[in-house]
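**Q** I'd like to go over a predicted model; first the sequence, then the structure.
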Amino acid sequence: MTRIVTVDGNPEVAAELAGVLPRQWRMRTDDRWVDAIVLVRPDRGRVRRTRAEYPDTPILALVDHDAPVAEIVGLLEAGADAFVRENCPDLVGDQLRAYSGNAPRRFSAA
C-alpha cells in the first residue's frame with residue numbers, strides 16, 4: 001500500500017529517510033494530503049500550526065538527543081503524536097511503519 005510522508009525542516013533527513021522506507025512509500029515536500037508528517041527540530045508553534053492544518057495526520061517530531069524533557073512535553077502538548085531523539089533514519093522509519101490505515105493513530109514514543 002502506498003503511503004505519502006513529508007519531512008519539514010531538513011531536506012537531508014528526507015533523503016536519508018527515503019532510503020529506509022518501503023519501496024511503495026513516497027516522500028513528498030508539497031502541501032498535498034499526506035499519511036504522516038515528520039518535523040525536524042520543531043518548536044511548539046510549528047507543531048501547533050501543523051496540527052491545525054492537518055488535524056487527522058500523525059505528526060512525528062525529531063528532536064536533538066539532548067533535548068530537555070520539558071521541550072519534548074511541550075511538543076507533545078502542542079499536537080505531536082510522538083517524538084524520536086536523534087536523527088536515526090531506521091528508527092524514524094520504524095515509527096512511520098507503525099502507522100497503518102487512514103484513520104488517526106497515535107505513535108508510541110521512542
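**A** Arrived safely. Fair warning: this is a prediction, and the values are worked out from it, not measured in the lab.
**Q** From Arg26, how far out is Pro68?
**A** Separation of Pro68 from Arg26 (Cβ to Cβ, to the nearest Å) stands at 34 Å. Yep, even glycine has a C-beta here, placed from its N, CA and C like the rest.
**Q** again but with Leu76, I slipped
**A** Leu76 sits at a distance of 27 Å from Arg26 (criterion: Cβ to Cβ).
**Q** try Val47
**A** On the measure of Cβ to Cβ, Val47 and Arg26 end up 23 Å apart.
**Q** Of these two, which one has the most company?
**A** Legend: neighbour count by other Cβ atoms under 10 Å for Val47 and Arg26, higher for Val47 (23 against 14).
**Q** show me what contacts that one?
**A** The neighbourhood of Val47, defined by Cβ atoms under 8 Å, 6 or more residues apart in numbering, consists of 39, 59, 61, 75, 78-80.
**Q** and if you look at Ala36?
**A** 3-6, 57-60, 96, 99.
**Q** Go through those and flag which are in strands.
**A** 4-6, 59-60 (DSSP state E).
**Q** low-scoring stretches of this structure, by residue?
**A** Applying pLDDT under 70 to the chain flags the ranges 29-32, 99-110.
**Q** Got the phi and psi for the closest residue to Gln24 other than its chain neighbours?
**A** Nearest non-adjacent residue to Gln24, counting by Cβ to Cβ, 6 or more residues apart in numbering: Thr2, 5.0 Å away. Backbone geometry at Thr2, expressed as degrees, to the nearest 10, gives phi -80, psi 130.
**Q** count of residues packed around the residue nearest to Ala18 when sequence neighbours are not counted?
**A** Once flanking residues are discounted, Ala18 sits nearest to Met27: 4.8 Å by Cβ to Cβ, 6+ apart. The number of residues packed near Met27 is 16, by other Cβ under 10 Å.
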